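# Fold the stuff below for me.
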Amino acid sequence: MISHAEHKAYLEQTEAFCRENCTEEAMMERLRSARDILLKETDIYALADRTMSDEMKTYRQALRDLPATVSNIYCPVNPPFLPSGL
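This is a model prediction of the structure:
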């Protein structure tokens, strides 16, 4: 298991790399692409013949809210997490 300090250092290095090598526009596109994939993976839960749990509704809404809810596009460290028990 990595320590908090090691995790923080990793995030700082990742952010520095992205700032040096990617435009903000490119980072936004990457985030949108990842979001779209995650939404497609959960589309089955949104079919008319299924009852979607409140947790899944919250998760999908959080995905749809991206990237507006990300404060630092170069280090979006708090993504929505898929509800457990699926």
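# Buried residues in stretch 18-31, which are they?
Residues C18, M27, L31 are the ones in stretch 18-31 that count as buried (16 or more other C-beta atoms under 10 Å). The way it works is simple: take the backbone N, C-alpha and C, and place the C-beta from them, glycine included.
# actually stretch 3-15, sorry about that
Buried-residue list, stretch 3-15, by 16+ other C-beta under 10 Å: E15.
# for this protein, which spans come out with low pLDDT?
Along the chain, the parts satisfying pLDDT under 70 run over 77-79, 85-86.
# residue farthest from the centroid of it?
The outermost residue of the chain relative to its centre, with distances by C-alpha atoms, centre = their mean, is D49 at 27.3 Å.
# Distance of the residue lying closest to Y10 once chain neighbours are set aside relative to E15?
Among residues not flanking Y10 along the chain, I2 sits closest, at 7.6 Å (C-beta to C-beta, 6 or more residues apart in numbering). Per C-beta to C-beta, to the nearest Å, I2 is found 17 Å from E15.
# now Y59
25 Å.
# again with K8
Taking C-beta to C-beta, one finds K8 at 11 Å from E15.
# Same question for M1.
Separation of M1 from E15 (C-beta to C-beta) stands at 22 Å.
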